[in-house]
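Student: how does the following fold in three dimensions:
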Amino acid sequence: MENIIDIHCHILPGVDDGSDSFEMSMQMLKRAADDGISGMILTPHNKPGHRHMHFSQMMSEINKLRKIMTEENIKIELYPGSELYYRSGIREEIAHDKTGILAGSRYTLVEFNPMADYDYIRNGIYSLLTGGYYPILAHVERYRNVCAAKYGTEDLIEMGCYIQVNAGSIMGKSGSKARRFVKKLLKQRQVHFVATDAHDLKKRPPGLSDCADYIRKKYGEDYSIKLFCDNPMDVIRDKEISLYF
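Tutor: The predicted model follows:
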């Protein structure tokens, strides 16, 4: 599959619990390119009390990576972004600093505490929607109360929320319970993005090709292309994506 784009990864060095050095970042980018990934939105964690980069700092670091990538013929387009930990005042923070949005678009990748109440998650998504953003719920399979709610993801999608799952969860690397849940969502066409959530080269490496092949065989080529290519490219183009397939 061509033009695979990863919208969620932690490759920017020394910012969070992802890559801890420029050298590791380059190794991860080389691995991603070898796996067939052609574009990546870099999404370091943005949490209260944790270090995070402002937009100008992030672009400076991305340009450093781009320079070496050109020298080493690593052909991946890099875009700025972040994984926002939802909290009060988040809309104002996004408006103040563009690191809260993905590739300069209206899309934002948002995460919550895995134990957060369903209503809290729902209200957080609603707040972002009313602020004019297109929220993408990161790794939905981690939120216990979304998984347990009878119409949890269905309700969020109806509101206008997009759903992202991790490739590792689909492939069974996060346990059987997470895999059953994400397979149910895939069967019901309630997933809009599959991403690496890459943090390193071993436990969570930057690879999507095996998962893309699995989804193509199990759920159809058209759906696979939507998840790995078309929808991510529409984020970069700031084009509104259909919530239903």
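
Student: for Arg51, give me the pLDDT.
Tutor: pLDDT, Arg51: 78.

Student: what separation do you get for it and Arg87?
Tutor: 16 Å (CB to CB, to the nearest Å). Just so you know, the C-beta spots here come from the backbone N, C-alpha and C atoms, and that holds for glycine as well.

Student: output the lowest mean pLDDT helix or strand found in this structure.
Tutor: helix 90-96 (a mean of 90; mean pLDDT, DSSP states H and E).

Student: for the helix or strand that comes right after that one, packing partners?
Tutor: Later in the chain than helix 90-96, the nearest helix or strand by DSSP states H and E is strand 107-111. If you count contacts as 3 or more CB pairs under 8 Å, 6 or more residues apart in numbering; DSSP states H and E, strand 107-111 packs onto strand 83-85, helix 118-130, strand 134-137.

Student: minimum distance to Tyr151: which of those has it?
Tutor: Nearest to Tyr151 among the helices and strands packed on strand 107-111 is helix 118-130 (10.2 Å), distances taken as CB to CB.

Student: by contact count, what packs against that closest one?
Tutor: Against helix 118-130 (3+ CB pairs under 8 Å, 6+ apart) you get helix 90-96, strand 107-111, strand 134-137, helix 144-148, helix 152-159.

Student: what average pLDDT does it get?
Tutor: 97.

Student: about what we covered before: nearest to Ala198, of the helices and strands packed on helix 118-130?
Tutor: strand 107-111 (13.9 Å).

Student: now find how far off-centre that closest one is within its chain.
Tutor: Averaging C-alpha positions (CA atoms, centre = their mean, to the nearest Å) puts strand 107-111 8 Å from its chain's average.

Student: same thing with stretch 186-200?
Tutor: The answer for stretch 186-200 is 8 Å, by CA atoms, centre = their mean.
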